[in-house]
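Colleague: sequence unknown, structure follows:
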């Protein structure tokens with residue numbers, strides 16, 4: 001865009017000078033030639049072609065000396081390139097070899113050539129600054145997006161840490177209640193039972209019985225509260241991550257992508273399935289790598305457990321028969337996994353083309 005406006009200015013200045021001294025109806029011809037070539041240079045940015053066109057126009061100037069006023073405008077695209085020596089020498093050579101060019105035209109061409117260099121330098125500088133500005137703006141936007149993403153991740157991690165700390169605190173409180181209050185209530189109930197055995201007075205016996213029933217009811221409520229607090233304190237990711245970290249039989253990778261925690265029975269089921277699957281890897285597989293993927297979809301939870309172990313032909317036949325008959329017996333613990341998945345109305349599939357793969361989907 002900047003180059004086009006520069007060319008318009010140069011062609012206008014050259015045309016104004018040319019038309020001022022020309023009264024021929026053919027004066028429009030060099031103007032049209034220069035406009036056409038300049039437009040072509042803008043569209044087809046090939047320096048060799050531009051050099052050839054400028055040399056051809058310079059050859060025309062040998063026969064039409066007045067056309068030389070348009071030569072600097074054509075040389076605009078060659079300025080600040082490795083052909084710029086030609087830009088300087090070409091008008092000078094024309095002046096030397098053509099005695100018909102007057103002194104005024106010579107000074108005009110020299111002045112417009114200097115103007116071409118200045119305009120070209122200014123435009124190149126402006127384009128460079130524009131590019132640097134665009135790069136800086138793009139980098140700023142990219143950095144801003146990265147910071148926004150990191151802030152979002154930090155907030156999510158912070159929420160996860162707060163939730164985990166809350167669950168751990170619930171677990172601690174439930175254990176303290178169980179160890180302290182639960183034991184005190186149990187001991188009190190036992191002591192009251194002993195007193196009931198030795199008590200003779202009916203009034204005392206009735207009071208102790210009522211007290212024992214109240215303590216037993218309180219004990220049951222404490223036990224239920226403890227179990228509820230403990231169950232709520234189970235964090236699925238922490239439990240699975242701990243299982244993964246304790247697995248040392250081979251390399252293991254764990255990918256967890258769940259935003260909405262599943263129900264408590266599903267948590268227990270998933271934990272048990274992962275434990276059983278890793279136990280099968282230790283007992284029955286020669287795998288060097290295990291991959292666990294747990295993902296959340298709009299309507300289901302998806303669990304994929306895969307290893308790269310090799311299966312013998314007999315094992316493949318046995319597994320194929322078991323899958324077709326849906327009877328796994330007690331071998332490899334697969335029956336327990338299948339029963340757990342069925343209990344959640346889920347689906348389970350087994351693949352053993354490349355290692356052994358368990359693909360499980362459980363509805364929300």
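Modeller: Received the coordinates, thanks. Please read these numbers as outputs of a predicted model, since none were measured by experiment.
Colleague: need the residues that contact stretch 246-255.
Modeller: 240-241, 244, 278, 281-282, 287-295, 307 (CB atoms under 8 Å, 6 or more residues apart in numbering). Backbone N, C-alpha and C define where each C-beta goes, glycine included.
Colleague: kindly tell me how buried the residue nearest to residue 181 when sequence neighbours are not counted is, as a neighbour count.
Modeller: In space, and not counting its chain neighbours, residue 181 is closest to residue 222: 6.1 Å by CB to CB, 6 or more residues apart in numbering. Using other CB atoms under 10 Å, residue 222 has 17 other residues around it.
Colleague: distance of residue 222 relative to residue 173?
Modeller: Going from residue 222 to residue 173 by CB to CB, to the nearest Å gives 12 Å.
Colleague: and the helix or strand hosting the residue nearest to residue 181, how far out from the chain middle?
Modeller: If you go by DSSP states H and E, residue 222 is part of helix 202-232. Centre-to-centre, helix 202-232 and its host chain are 55 Å apart (CA atoms, centre = their mean, to the nearest Å).
Colleague: show me what that helix is packed against.
Modeller: Helices and strands touching helix 202-232, by 3 or more CB pairs under 8 Å, 6 or more residues apart in numbering; DSSP states H and E, are helix 103-176, helix 183-198.
Colleague: what is the mean pLDDT for the longest one?
Modeller: This means helix 103-176. The pLDDT scores in helix 103-176 average 80.
Colleague: now find how far off-centre it is within its chain.
Modeller: 17 Å.
Colleague: in stretch 110-127, what's buried?
Modeller: 112, 113, 115, 116, 117, 119, 120, 123 (16 or more other CB atoms under 10 Å).
Colleague: mind listing residues that contact it?
Modeller: Counting by CB under 8 Å, 6+ apart, 2-3, 6, 9-10, 13-14, 69, 72-73, 75-76, 79-80, 87-88, 91 sit against stretch 110-127.
Colleague: which of those are buried, as a ChimeraX select command?
Modeller: Command for ChimeraX, covering only those of the contacts of stretch 110-127 found buried under the criterion 16+ other CB under 10 Å:
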select :3,6,10,13,14,69,72,73,75,76,79,87,91
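Colleague: now, the contacts of stretch 110-127 that are in helices?
Modeller: With helices taken from DSSP state H, the overlap with the contacts of stretch 110-127 comprises 2, 3, 6, 9, 10, 13, 14, 72, 73, 87, 88, 91.
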